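Q: Need a 3D model of the following:
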Amino acid sequence: KDYIHRVGRTARAGRAGEALSLVSQYDVALVHNIEEETGKKWEDSGVSEDDVLPIMSEVMKAKRVAKVKLLEVDSQGQEDKRRGGLKRKQT
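A: Coordinates of the predicted model:
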């Protein structure tokens with residue numbers, strides 16, 4: 001059985017908060033499974049695709065930059081966290 005993360009950090013110590021999940025057409029079945037498992041229906045926040053697309057461009061750019069940095073670190077023989085260890089240079 002897969003783990004379902006419960007978003008609750010925003011309401012810690014009695015404070016109010018909201019959580020937002022971005023869902024594409026490819027995620028609909030996953031959302032339905034989560035709703036069935038939790039017994040709670042997700043509400044549509046009414047955010048339009050036009051509002052989300054500029055943000056997604058920024059996220060994708062940051063993801064590409066991070067991937068390049070990871071590859072640079074890996075190629076320098078430094079810690080590669082994806083493999084959980086250190087690469088040793090041959091002497």
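
Q: where do the helices sit along the protein?
A: All helices of the chain, identified by DSSP state H, fall at 28-38, 49-75.

Q: Go through those and find the least confident stretch.
A: Lowest mean pLDDT within these: helix 49-75, at a mean of 87.

Q: Ramachandran angles for E18?
A: Backbone torsions for E18, taken as degrees, to the nearest 10, come to phi -130, psi 150.

Q: List just the one of the helices of the chain that sits closest to L22.
A: Closest to L22 of these is helix 49-75 (C-beta to C-beta; 6.3 Å). For every residue, glycine as well, the C-beta is placed using N, CA and C.

Q: Reformat the helices of the chain into TSV and put mean neighbour count and distance to L20 next to each item.
A: Compiled in TSV, those are given as follows (neighbours: other C-beta atoms under 10 Å; distance: least, C-beta to C-beta, whole Å):
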stretch	mean neighbour count	distance to L20
helix 28-38	12	13
helix 49-75	10	10
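
Q: Distance of K40 relative to G14?
A: 21 Å (C-beta to C-beta, to the nearest Å).

Q: In contact with K41, which residues?
A: E35 (C-beta atoms under 8 Å, 6 or more residues apart in numbering).

Q: try V52
A: Counted by C-beta under 8 Å, 6+ apart, V52 has contacts L22.

Q: Roughly how far does it sit from D74?
A: From V52 to D74 the distance is 32 Å (C-beta to C-beta).

Q: Could you do G14 as well?
A: Distance, G14 to D74, by C-beta to C-beta: 44 Å.

Q: Make TSV out of the helices of the chain and add distance to L22.
A: What follows is the helices of the chain, written out as TSV (distance: least, C-beta to C-beta, whole Å):
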stretch	distance to L22
helix 28-38	11
helix 49-75	6
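
Q: Among the ones you listed, which comes closest to E18?
A: Here helix 49-75 is closest among these (C-beta to C-beta), at 15.4 Å.
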